[in-house]
Each structure stands twice: as structure tokens, then as C-alpha cells.
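1. Model the following, please.
(chains A and B, ligands or ions: 2)
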Amino acid sequence: MALIELSGIERRFLLGDTTVNALAGLNLSIAAGEYVAVMGPSGSGKSTLLNLLGLLDRPNAGSYRLEGRDVTTLSADEQATVRSLRIGFVFQSFHLVPRLSAAENIALPMMLAGIAPAERKQRVSQALINFGLENRADHKPDQLSGGQRQRVAIARATIMQPALILADEPTGNLDRHTGDEVVNLLEALNASGVTLVVVTHDQRMGARARRQLVMEDGRLKFDSAVDAAV
Amino acid sequence: MRLSDTLRFARDAATGYPMRTALSVFAMAIGVAAVVLLTALGDGARRYVVGQFSALGTNLVMVLPGRTGTGGFNPATAITSTPRDLTVDDAAAVKRATSVLRVAPLLVGTSEINFAGRLREVMVAGTVADYFAIRDFQVAQGDILPDEDWNRGASVAVIGNKIRQELFGNTPAVGQLVRIGDRRVRVIGVLKSTGQGLGMNTDELVIVPVSLALSMFNTNTLFRVLVEARNRELIPQAKEQTLAIIKQRHRGEEDITVITQDAVLATFDKLLGALTLAVAGIAAISLAVAGILVMNVMLVAVTQRTGEIGLLKALGAPARTIRLAFLSEAAMLSAVGALLGYLLGQLGAFILRQIFPVFPAYPPDWAVIAGLGTAIGTGLLFGFLPARRAARLDPVQALMKH
Ligand SMILES: Nc1ncnc2c1ncn2[C@@H]1O[C@H](COP(=O)(O)OP(=O)(O)O)[C@@H](O)[C@H]1O
Ligand SMILES: [Mg+2]
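-> Residues are numbered from 1 along each chain as shown, chains lettered A, B, ... in the order given. Ligands and ions are numbered 1, 2, ... in the order given. Take a look at the predicted model:
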């Protein structure tokens, strides 16, 4: 069974008088444990796709089955629960809470889920070790380098042990070297079984994924998995 | 999210923006401080007046000319035109009552006092010797009024201490002849300085025999007759007997009002209590203003932290969690402000009491509770709108604001 099943997805935006078809007639299936890079020109619908996969947005038409369950019909709070338990996000601009320390930022999803402080603490200290942030636990985001910030964000995305990690241009704000480090981390996570969907502009990084998708005008222009099958 | 986590999160968020937090805490504090301080003033005034009335003398029954409503005492109509004079003989007749210990007729007017070219306006009280015992007035020098025929008083006066000072300076006053209006009067005593009293300041009072005052002001009617009952239990009886005696003397017409001190006290108590309530109401408006400020501050917070709200949603926070977090923050701002305002108000009342020791400026408990309650209530009420707005934000839109 596929982890993600999209069929006939439409997502339109109203911009003044004109409708923008951000996603049009999209069919996509992603199996559990896959490593998928989503590429394509700016404005082609990559972020819109990722937001839909992350249940941050709803399609105008079509169905989305996550782990076999139709999630488009869920209520907002039910979707929040799915996000909390099954999905981790990594953003281009890190999205750390500036007043919270690295450790507190990592613990945030567990806090929101109501996990007991003792367990939070134990899991955060393990995560800090895993991501090489032991000495940065009490640092505020503005006291961290870009690479460290993104490592905090990845630690946060994985702390609830999600089935799916969605990363929207995770290296977009990083230099090549730290970008590579972050990609290595994400790939290590994928190697441990987490499904990974990465939006990227970077051809080199896209090429590292086992499956490449290329979007154009809201449509899937290229899917390496289909090519391989033919 | 756990309650303790929600509170901690809200606290960190509030302290993370010290400027706007300080602003709303300050506004709330001013509102609560205003309630505490103004009600302390109002209630202080009430206590002060009640205290002064209690000092008027115990077991007192007052006779007023004219008929006013039953039982109650209405200051506005207390001095009314009289259908029949309340006379010295009426007062003398009341002395016969078994329940009555002392009686003092009282007439009050203003006149000029003149000694060796020094002239000033004074309040003149015409009464009798027993008045001093009833009001517990004492003389510092000389004597009180002589105990004599009420209708043929001597031309003598007991003067207040301030008048003595202004007229005689350091030279002895007792024995001197002064002119009051067109009468030559001998000073026989000087009142002991008592500080302020209610209604009249004894330091600026001149007391003369009632017969002298009646002719001086060319009238037959008294301002009051003060009746002192033999003891507290006899007050109702003294009231009844006084009324009966004077009614009989006035051909069965009940054209006087007899009130007990309790009735006067109760009326003033009510009046000033209402005043305190009104003042508290006005102060409460500043609390509402503070509430609106907290709302605006929280709306700004929602705008400022839109990106953060988007993130919380992405991390799986349901709407309820976000609403609670922002509501807790608003509640915290108002609670801290209320507490601070309470302390400020108490400090202000304390300083007031230091400056005016006679004035019991203590805020009443109900005002403190209502002030704190209103503060936290408005904080929550006005915090609700921003919290709801935060909870309803679209996560994708919110995340883009970073
Ligand atoms: N909230 C929105 N309102 C209007 N148009 C939008 C909105 N979000 C995305 N779009 C439009 O949808 C298209 C796809 O956007 P997006 O998914 O962000 O592209 P990408 O991430 O590939 O650069 C673009 O034309 C964009 O302008
Ligand atoms: Mg994008």
C-alpha cells in the first residue's frame, strides 16, 4: 500500500479576477520509505503540493489518501492530529521560535502533543546528541549558525517520529557545505525508514534522490519512477 | 497541550516582548490602582463622617422645626420653613420628660465680632450651659455658659481658640468686652481646641446664651433642640416623649421632626456609600479602557507572531491550543497588571493616610475584589477576540509571514 495517494488533485487560487491553477489534474503515488525530490521552475506548484501533502491546505478537487485513509474530509483539528503524529516539516527559513532555546524548539511538537516533561527531556537530549547539538541546547536561534538552525529544525521535525518528512527547499538559505550536511542528515533519516519529500531548486541535490518529480504549471511533467517502469 | 505548558508558553511569549507587555500591564495597573485609591477616598470620607457623627455625643435625639418624611433624614429638606416656631419654651418643656437627661436649645447664625478694631465674621451658636455637656465641649480658659434662666441670658460669650488668637493674640481674652453684631458681650471662656468637627469648626465658633442669640438674630424659632436620653435604651422613649410634649404644645400639630442620631448616621452612611460606589464605577471605566488596550496589544501580538502561529499549526497544534495560549497571555497581562495596580493603590492609600492621619483612607474589600475581578474579566473578555483570530489563521498564509 502506498503511503501517499493523490488522484485528480486540483488547487486553484483566485488572484483578483484571474484563477491560478496551482495544481491541476495531479495524480501521484508515493510508497512508504521513498526519497522523492520535487523540482521545477518557480511558481510551478511545488510548495502548494507540499502544503497539501502536509495537510496545511485542502485541494479544490481530488482525493488524498494518507496511509490508506482519506484525509481531505477530516476536520481541521483531526488534520492537526495527523500532522502532530505522522508528519514533520522542514522549512527554508527554519521557522524556529526566536524566544525559545534550541532544546525548547525541538521539544515544541511534544509539548503541543501533551507529552510528559520527563519524556520530553529524555527525547530532546537524545535528539541533541543525534544532531550534534549537545553544546547548543540552551542557545537561542539567533545564537546559532544557519546550519545549526536547520539541524534544530530537522530535530524538531523528527522528534515525534513521523512517517513522512516534508522539506521545502531546506538548503535554500544555506551555503553549499552546510547544505550538504543538512541533506546528509535528511538522507540518514530516510535510510532509517522515514519517507522523505524534498522540494529543491538544486539539480545536484535533486539528483541524489532515488525518485525525481518535475513540475510545470501545476502539472507533473516528469516522474523518474514512471520512466523507469516504461 | 498541558495547562502548565500553556501557562509557561504564554509567560515566555509575554516576556519575549517586554515593551508591549509593560504597556498593557501598566494600563491595567493604573485602572486597578484608580479603583483602589478612589474607593479608599470615598469610603474614607464615609468613615470619617460616620466617625464625626458618633463623636457628636451619644444617646442624642435631635428636634428640627418643620415636618419631613417619616423616620428618615433628608439633608436637602432638613432646613425648611416652619409653620410654627420651635421655641426655647418648647425646649424647656422637654426637660420634664422622664427619659431625658439634658436638653439644649440651639440657634445658629453668622455675625461679626469686633475687638479693638479687629473685625471678623464668625458663626454664632446660641444655646445653654447643658450644650457643653451634651457635645462634650470643654474650655481651655475661663468658664462655660452660666446655668441660668434660658429666657434671660447674660451678655457673655465663650469663644473658639482661633478667634481668641486672631482677636487677642497673646493678651488674655477672658474678661474682655467684645462687640458681636450690635451687642457688647463679655468673653467668659475660651473653648479647648478640638481640631475639625463636622458642620462647624469649634475653633471659629462663638457661643452665647440662647436668649441673646434670639434677639441678636431677631427670631423666635430655634435651629435645633438637642435632647440627650438618660441611656441608650431610652432613646426611642425620649424620642416619643419629646415628640408628644412639643406636639401638645403646638396644639396637637406634628410640625417638628424628631430624629435620632442613628437615623442621621444611616442616611449619611448610605449617601456616602453610594458616592463611593459611583466613584468606583467611574474608576471601572478606566479598567474597561485598559481592557481595550490589552485587546489591541494582543491583536498586535497576533500580527507580530503570525509566522509562529503558522508554525504551531504545522506542528500539530489544534485551534483550541492556540486560542488557549493567547487567552492565557491576555489573562496573565491583566492579572499581573491588576496585582501591580492593587499594590500601587494600597501604597497610594497608605501615603494618603500618612499625610492626613485623621482620614481613614482604606479601600473597602468589595472594591478591591471587584477591581481585581473586573481587571481579569476584561482582560479575558478582550483577549478572546485576538485569541480567536489567532486560532483561525490559515496555516499556509501564516507560515509565509516570517
Ligand atoms: N495563496 C495564494 N494565493 C494566490 N496565488 C497563490 C497562492 N499560493 C500560491 N499561489 C500561486 O500558485 C502558483 C504555485 O505557487 P507555489 O506552489 O508557491 O510555487 P513554487 O513553490 O513551485 O514556486 C504560483 O503561480 C503562485 O503565484
Ligand atoms: Mg515554493
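2. do the strand or helix carrying residue B:377 and chain A meet?
-> Here residue B:377, judged by DSSP states H and E, is contained in helix B:365-392. No. Applying CB under 8 Å from any CB of the partner chain, one finds helix B:365-392 separated from chain A by no less than 9.5 Å. (C-beta placed from N, C-alpha, C; glycine too.)
3. just checking, what packs against whichever helix or strand comes after that helix?
-> Once the chain leaves helix B:365-392, the next helix or strand it forms, by DSSP H and E, is helix B:395-400. Here helix B:395-400 touches helix B:306-314, going by 3 or more CB pairs under 8 Å, 6 or more residues apart in numbering or on different chains; DSSP states H and E.
4. Are we agreed that residue B:125 is in a helix?
-> No. Counting by DSSP: H, G, I helix; E, B strand; the rest coil, residue B:125 is located in no helix; its state is strand.
5. buried stuff in stretch A:213-224?
-> A:213-215, A:218, A:220, A:223-224 (16 or more other CB atoms under 10 Å in any protein chain shown).
6. which one of those residues is nearest chain B?
-> Set against chain B, the nearest of the buried residues of stretch A:213-224 by CB to the nearest CB is residue A:218 (15.8 Å).
7. is it true that that closest one touches residue A:21?
-> Yes. Residue A:218 lies in contact with residue A:21 (CB atoms under 8 Å); the separation is 4.9 Å.
8. what residues do those two have in common as contacts?
-> Counting by CB atoms under 8 Å, 6 or more residues apart in numbering or on different chains, the shared contacts of residue A:218 and residue A:21 are residue A:11.
9. Pull the residues that contact the biggest helix by length in chain A.
-> What stands out as the longest helix in chain A, according to DSSP state H, is helix A:176-191. With contact meaning CB under 8 Å, 6+ apart, helix A:176-191 is reached by A:33, A:35, A:90, A:131, A:145-147, A:150-151, A:154, A:158, A:165, A:167, A:170-171, A:174, A:196, A:198, A:202, A:205, A:208.
10. Helices - which of those land there?
-> A:146-147, A:150-151, A:154, A:158, A:205, A:208.
11. which pair in the residues you listed spans the largest distance?
-> A:146 and A:208 (20.2 Å; CB to CB).
12. which parts of the stretch 151-300 of chain B sit against chain A?
-> Going by CB under 8 Å from any CB, none of the residues of the stretch 151-300 of chain B are near chain A.
13. low-scoring pLDDT stretches of the stretch 151-300 of chain B, where are they?
-> B:195-200 (pLDDT under 70).
14. what about the helices in it?
-> B:161-168, B:210-216, B:235-249, B:261-304 (DSSP state H, counting those that start in this stretch).
15. Format the CA atom coordinates belonging to the shortest one as CSV.
-> Listed next in CSV are the C-alpha coordinates belonging to helix B:210-216 (Å, rounded to 0.1, in the frame of the first residue of the first chain):
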residue,chain,number,x,y,z
VAL,B,210,-29.8,81.4,73.5
SER,B,211,-31.9,84.4,74.5
LEU,B,212,-29.1,86.7,73.4
ALA,B,213,-28.8,84.9,70.1
LEU,B,214,-32.6,85.1,69.5
SER,B,215,-32.7,88.8,69.9
MET,B,216,-29.4,89.3,68.0
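16. and that helix, what other elements does it pack with?
-> Against helix B:210-216 (3+ CB pairs under 8 Å, 6+ apart) you get helix B:88-94, strand B:100-115, strand B:118-127, strand B:183-191.
17. Mind putting the ones you listed into TSV with mean neighbour count and distance to ligand 1?
-> As requested, the helices and strands packed on helix B:210-216 are exported to TSV (neighbours: other CB atoms under 10 Å in any protein chain shown; distance: least, CB to the nearest ligand atom, whole Å):
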stretch	mean neighbour count	distance to ligand 1
helix B:88-94	21	93
strand B:100-115	20	83
strand B:118-127	19	83
strand B:183-191	20	87
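18. could those go into TSV alongside distance to residue B:356?
-> Formatted as TSV, the helices and strands packed on helix B:210-216 follow (distance: least, CB to CB, whole Å):
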stretch	distance to residue B:356
helix B:88-94	37
strand B:100-115	27
strand B:118-127	24
strand B:183-191	23
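19. re the thing from before, figure out which of the helices of the stretch 151-300 of chain B is closest to residue A:86.
-> Nearest of the helices of the stretch 151-300 of chain B (CB to CB): helix B:261-304, 28.0 Å.
20. how far does the closest one sit from the chain's center?
-> Put simply, helix B:261-304 sits 17 Å off its chain's centre (CA atoms, centre = their mean, to the nearest Å).
21. next one: stretch A:104-123
-> 20 Å.
22. touching chain B at all, it?
-> Yes. Stretch A:104-123 reaches chain B (CB under 8 Å from any CB) through A:108-109, A:111-114, A:117.
23. of these, buried ones?
-> A:108-109, A:111-113.
24. out of those residues, who's nearest residue B:363?
-> Among those, and counting by CB to CB, the member closest to residue B:363 is residue A:111, at 40.8 Å.
25. In a helix, the closest one, correct?
-> Yes. Applying three-state DSSP, one finds residue A:111 inside a helix.
26. And the strands in chain A?
-> A:2-15, A:18-31, A:35-39, A:61-66, A:69-70, A:87-90, A:164-168, A:195-199, A:211-216, A:219-223 (DSSP state E).
27. From residue A:213, how far out is residue A:222?
-> 7 Å (CB to CB, to the nearest Å).
28. ugh, wrong one, residue B:278
-> 73 Å.
29. OK, contacts around residue A:120?
-> A:107, A:110-111.
30. With residue A:133 instead?
-> Taking CB under 8 Å, 6+ apart, one finds A:102, A:127, A:148, A:151-152, A:155 in contact with residue A:133.
31. Verify the stated contact: residue B:341 with residue B:25.
-> No. In this structure, residue B:341 is not within contact of residue B:25 by CB under 8 Å, at 9.0 Å.
32. Neighbour count for the two, which is higher?
-> residue B:341 (30 against 24; other CB atoms under 10 Å in any protein chain shown).
33. ok, back up a step: with respect to residue B:52, which of the buried residues of stretch A:213-224 is nearest?
-> Closest to residue B:52, out of all of the buried residues of stretch A:213-224 and judged by CB to CB, is residue A:218, at 85.9 Å.
34. State the distance from that closest one to ligand 1.
-> Remark: distance between residue A:218 and ligand 1 (CB to the nearest ligand atom, to the nearest Å) = 7 Å.
35. Closest residue of chain A to chain B?
-> Closest point on chain A to chain B, by CB to the nearest CB, is residue A:84, at 2.5 Å.
36. OK, contacts around that residue?
-> A:109, A:112-113, A:160, B:315-317.
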